[in-house]
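# Pasted the sequence and its predicted model underneath.
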Amino acid sequence: MTPVGRAPAVRLRGASLSFGPRRLWSGLDLDIAPGEFFAVLGPNGSGKTSFLKALLGIVPLTEGTVELAGRPAGRRGGGIGYIPQQRAFSPDTPLRARDLVGLGIDGHRWGIRTRRRAVEARIEALLATVGATDYAKVPVGRLSGGEQQRLRVAQAIADSPEVLLCDEPLLSLDLNHQQAVSRLIDAQRREHDAAVVFVTHEINPILDYVDRVLYLADGRFRVGRPEDVMTTEVLSDLYGSRVEVSRVNGRIVVVGLPDATTHHHEPLHHDHGKEPV
Ligand SMILES: Nc1ncnc2c1ncn2[C@@H]1O[C@H](COP(=O)(O)OP(=O)(O)OP(=O)(O)O)[C@@H](O)[C@H]1O
């Protein structure tokens, strides 16, 4: 699905990942196109975070190859934004909200004379985008989990990355901010043709945006459009037990998962009419 002449944002060939005897997946061949919104789903421990870490080169593949933004994983270079899985900042972290966002900006992109002013303006714009202007000067450790998360998003998109890797970015956000952050990430891929790889337990908040999903379960996987993967047949086959998938008011509801994983918890707003590719 990558247009002719454009390198995929993510490219995996014959990729396998195991920890000791535990195989998370194997035989994964995958291209994620620039501008694609790609969700990674699966129950606890299925390997979603490890998938992102393999893309980043933090965790080495057991077999196969991975390229990110046209470079082998782990090779230095710009163009990659990462929202790590949430860990609260300690209360005495000596950073204000705006400092954290500023860390995402490579000031060298601007000329020496204009650098400082340009960086300041960019920080202000990012803080406004995630609705964090009011707490710009507050130390991050004193902010709520949701407020911290919005800053992480601002930091990750600060340099308009080609590939945005997001590890459960909606965790601890209320419904309004889940929608705001999802829209922000979607805007990033539309305006900058960024590929988004979005790890989540819950597809419904992003269902309007997602082009394809990678569903990991029990050492196996399926890749495809949500309507092709999130079905009774496919999930029952992946889990090896009967799982019922239905659509209720535009949401995907999954019943009968072998563990506590759920795929529903809130209403969706179908407000931008995007067609999946
Ligand atoms: N460095 C490591 N060494 C050994 N085992 C690991 C390592 N990293 C992850 N694992 C194991 O691999 C499995 C997948 O972990 P991972 O964090 O990728 O799952 P996940 O799908 O993101 O889970 P969750 O939904 O709970 O966040 C888990 O069983 C985990 O304990």
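Great, that's in hand. Numbering: from 1, shown residues only.
# Tell me the residues on the stretch 51-200 of the chain that lie near the ligand, please.
Contact residues of the stretch 51-200 of the chain with respect to the ligand, defined by C-beta under 6 Å from any ligand atom, are absent. For the C-beta atoms, the positions are set from N, CA and C on the backbone; glycine is no exception.
# how about the strands in the stretch 51-200 of the chain?
Listed in chain order, the strands of the stretch 51-200 of the chain (DSSP state E, counting those that start in this stretch) span residues 63-68, 71-72, 80-83, 163-167, 195-199.
# Of those, which is nearest A39?
Distances from A39 to each of these were compared by C-beta to C-beta, and the smallest falls on strand 195-199, at 4.9 Å.
# Which SSE is immediately downstream of that closest one?
The first helix or strand that comes after strand 195-199 along the chain, using DSSP states H and E, is strand 212-217.
# quick one: average pLDDT of that next one?
Across strand 212-217, pLDDT averages out at 97.
# what ranges of the stretch 101-250 of the chain fall below the confidence cut-off?
Across the stretch 101-250 of the chain, the ranges flagged by pLDDT under 70 are 106-114.
# change it to 80
Applying pLDDT under 80 to the stretch 101-250 of the chain picks out residues 106-116, 172.
# about what we covered before: can you redo the strands of the stretch 51-200 of the chain as JSON lines with distance to A15?
Output for the strands of the stretch 51-200 of the chain, formatted as JSON lines (distance: least, C-beta to C-beta, whole Å):
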{"stretch": "strand 63-68", "distance to A15": "4"}
{"stretch": "strand 71-72", "distance to A15": "13"}
{"stretch": "strand 80-83", "distance to A15": "18"}
{"stretch": "strand 163-167", "distance to A15": "16"}
{"stretch": "strand 195-199", "distance to A15": "14"}
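# Mean neighbour count added to those, as JSON lines?
Written out in JSON lines, the entries for these read as follows (neighbours: other C-beta atoms under 10 Å):
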{"stretch": "strand 63-68", "mean neighbour count": "18"}
{"stretch": "strand 71-72", "mean neighbour count": "12"}
{"stretch": "strand 80-83", "mean neighbour count": "21"}
{"stretch": "strand 163-167", "mean neighbour count": "24"}
{"stretch": "strand 195-199", "mean neighbour count": "25"}
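# How much space separates L52 from V234?
The spacing between L52 and V234, counted by C-beta to C-beta, to the nearest Å, is 23 Å.
# what do you get for V138?
To V234, V138 is 46 Å away according to C-beta to C-beta.
# And for I206?
For I206, the distance to V234 (C-beta to C-beta) stands at 19 Å.
# got it, and V196?
Plainly put, V196 is 22 Å away from V234 if you go by C-beta to C-beta.
# Ok, E147 next?
In this view, E147 and V234 are 38 Å apart by C-beta to C-beta.
# neighbours around N44, how many?
Taking other C-beta atoms under 10 Å as the criterion, the count of residues near N44 is 9.
# Can you say which helix or strand has it in it?
N44 belongs to no helix or strand when assigned by DSSP H and E.
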